[in-house]
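Novice: Please work out how this folds:
(2 chains)
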Amino acid sequence: MRKMSVVDRVVLLVTGLLAAYQIVVGVHGAPSLSTWLYTIAFGVLLVAGLLLLIMGFGILDSPLVVIVSTIIPLSLSWGLVVQHAPRFATLYGLFVVVGFLAIVWTRLNADTPKKWATMVLAFVHGVAGLVIFLLPIVLAIRGAMPSGFALVGVGGALIGLGGLLLAFLKAGKPILSQEMILTVLPGLLLLMTAAFVAGFARG
Amino acid sequence: MAIIQAKWRLYWSLIKSLQTALLVLTGVAGFMSTRCPFLNLKATLAVMGSLFLAVSGSTILNMWYDRDIDARMTRTRHRPLPAGLISPQEALLLGLVVSGLGVGWAFAMDRLYGLVVFAGLFFDVVVYTIWLKRRTCWSIVWGGISGGMPVLAGRTLGAGRIEWIGVVLALAILFWIPTHILTFSLRYREDYARAGVPTFPSTYGERATQVIIAGSSVMASLLMIVAAYGIGLTVGYLRLMAVLSIGMLLLAIGSAVRPSEHVNFGLFKYASLYMLSTMTLMMLVV
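Specialist: Numbers count the residues shown, from 1 in each chain, chains lettered A, B, ... in the order given. Model prediction:
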């Protein structure tokens, strides 16, 4: 497995600092449930970044990585729905809880066919990614939110890309080589976090 | 000049600079949680200086007393004392002088502050190292108490008295110490066994040690949040502290449920980072 370079470590540290900043400042005007959901998303991002920083890329071998990395898009998308589309908050919350439990079950139950586990992950991750990608952009286009809020959607696209790369890597069918994925991963995490932080700041 | 540089390098390796820096940081954080460092620059620098000398002095005295243990452990046999690069008399003299300067400086600043700094040195050198370390694995409790003294000292100097927030901060460090030391003793258990030093893994087994690490991480995290709330950190910073605490907690539970060398050492590193982060937060925010 690729060894982590100094640049990778610096990039992950900056990512962690940005996530920590977002946790501290919160999102202006967000209801408390959204604030907690955003805190969970950025908290997982912060702790995962720190663990990558201190334990190296070897930590990605853990079967828990897929489960933990799913928490970020799920809680972030739920937070966005609660804040900006409250009519669907309960329904979407149900999807998030059931989807997360399904991912946990299919990942930890050894009897589940690998194909099923990948399909469940791709579906739940995909829906959450689309919500993060589309909702801020639609709100910005409609003028319901300032145009800078669309950057959250850019972050959503990046998280979707990162999630796909990691999911297929873990499924044994990598889209890019492992070496390439690990090379771009720290930068991708930084860009994604920066887009979220900038988007929320401008929203 | 070359001789002085070489001596300086040897002396520097006697003070475990990273560990000393972390302890000094806790003391400065304790002080800065009550006083603005820019308005009290002289006092802040004096806290740094006195704690650096006192902590360094006690570490040198530990190194002097434990030189026979260090010589039997693979990890430590290259340290200056067991390697014969510094004589025991020279190390003892250096340790006494540096400790004396640190404690003396602390007393000159404030009697109560000096007393707490002296208590830290006494618990570390006399109670932990000389009396208990070779007798019982529970000696780390006293190591933890002495580790909590710098933050209590800093807070006491700033507040002018020993108050509950300082005590809670010291307790948080007392409970953080097992996470730090026990993960280390798990990693180097053979080394400690070779040196005949009783540790939790050798006395109670690895499983019980992992559970104790998880339990002490829970306590350290909760106490740190209570102290942060008492200091007056805003909701946003409390959220961040909660996130960092939950990270340590999950890692400790993961290490207890599915023990592995990798996770154990990750927890060891995360615990140091956690302490560094929480103390920095307290310094920057207040």
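
Novice: Would you mind measuring the gap between the ends of stretch A:50-60?
Specialist: 13 Å (C-alpha to C-alpha, to the nearest Å).

Novice: How about residues contacting that stretch?
Specialist: Identification of contacts with stretch A:50-60 by C-beta atoms under 8 Å, 6 or more residues apart in numbering or on different chains yields A:1-4, A:9, A:12-13, A:16, A:65, A:166, A:182, A:185-186, B:247, B:251, B:262, B:265-266, B:269-270, B:273. Where C-beta positions appear, they are placed from N, C-alpha and C, glycine not excepted.

Novice: same question, stretch A:100-110
Specialist: With C-beta under 8 Å, 6+ apart, stretch A:100-110 has contacts from A:P63, A:V66, A:I67, A:T70, A:I71, A:L74, A:T112, A:W116, A:A117, A:V120, A:L121, A:V124.

Novice: List the residues that contact A:V65.
Specialist: Going by C-beta under 8 Å, 6+ apart, the list of residues near A:V65 reads A:I59, A:L166, A:K170.

Novice: quick one: contacts for the residue lying closest to the last one once chain neighbours are set aside?
Specialist: The spatially closest residue to A:K170, leaving aside those adjacent along the chain, is A:V66, at 5.5 Å (C-beta to C-beta, 6 or more residues apart in numbering or on different chains). A:V66 makes contacts with A:I103, A:R107, A:L121, A:L166, A:A167, A:K170, as judged by C-beta under 8 Å, 6+ apart.

Novice: pLDDT (mean, whole number) over the helix or strand B:L51 falls within?
Specialist: Using DSSP states H and E, B:L51 falls within helix B:41-65. What helix B:41-65 shows for mean pLDDT is 97.

Novice: now swap in stretch B:194-205 and tell me
Specialist: In this model, stretch B:194-205 carries a mean pLDDT of 92.

Novice: same deal with stretch B:229-243?
Specialist: 93.

Novice: Go through it and flag the buried ones.
Specialist: Using 16 or more other C-beta atoms under 10 Å in any protein chain shown as the test for burial, stretch B:229-243 gives B:I231, B:L233, B:G236, B:Y237, B:R239, B:L240, B:M241, B:A242, B:V243.

Novice: again with stretch B:162-176
Specialist: B:I165, B:G166, B:V167, B:V168, B:L169, B:A170, B:L171, B:A172, B:I173, B:L174, B:F175, B:W176.

Novice: What is the nearest of these to chain A?
Specialist: Closest approach to chain A among the buried residues of stretch B:162-176 (C-beta to the nearest C-beta): B:W176, at 16.4 Å.

Novice: secondary structure class for that closest one?
Specialist: helix (DSSP: H, G, I helix; E, B strand; the rest coil).

Novice: ok, now which ones touch it?
Specialist: B:G144, B:G147, B:S216, B:S217, B:A220, B:M224, B:A271, B:Y274, B:M275.

Novice: try 10 Å
Specialist: B:26, B:144, B:147-148, B:216-217, B:219-221, B:223-224, B:248, B:271-272, B:274-275, B:278 (C-beta atoms under 10 Å, 6 or more residues apart in numbering or on different chains).

Novice: can you check B:R187 too?
Specialist: B:R75, B:P201, B:E261, B:N264, B:F265, B:F268.

Novice: measure the closest residue to B:R67 other than its chain neighbours to chain A for me?
Specialist: Nearest residue to B:R67, sequence neighbours excluded (C-beta to C-beta, 6+ apart): B:L81, at 4.1 Å. Counting by C-beta to the nearest C-beta, to the nearest Å, the gap from B:L81 to chain A is 30 Å.

Novice: mind checking the longest helix of chain A?
Specialist: helix A:114-142 (DSSP state H).

Novice: Show me which parts of that one are buried, residue by residue.
Specialist: Buried residues in helix A:114-142 (16+ other C-beta under 10 Å): A:117-118, A:120-122, A:124-125, A:127-129, A:131-133, A:135-137, A:139-140.

Novice: Return a PyMOL selection command for the buried portion of the contacts of stretch A:50-60.
Specialist: Here is the PyMOL selection string for the buried members of those, based on 16+ other C-beta under 10 Å:
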select buried, (chain A and resi 4+12+16+65+166+182+185+186) or (chain B and resi 247+251+265+266+269+270+273)
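
Novice: Mind checking which of the contacts of stretch A:50-60 land in helices?
Specialist: A:9, A:12-13, A:16, A:65, A:166, A:182, A:185-186, B:247, B:251, B:262, B:265-266, B:269-270, B:273.

Novice: which one of the contacts of stretch A:100-110 sits closest to A:Y92?
Specialist: A:L74 (9.9 Å; C-beta to C-beta).

Novice: Pull the contacting residues for that closest one.
Specialist: A:37, A:40-41, A:44, A:92, A:95-97, A:99-100, A:103, A:124-125, A:127-129, A:131-132.

Novice: how much space is there between it and chain B?
Specialist: Distance from A:L74 to chain B, by C-beta to the nearest C-beta: 17 Å.

Novice: one step back: which ones among the contacts of B:R187 also lie next to chain A?
Specialist: Near chain A, taking C-beta under 10 Å from any C-beta of the partner chain as the test, the members of the contacts of B:R187 found are B:F265, B:F268.

Novice: Okay then, goodbye and thanks.
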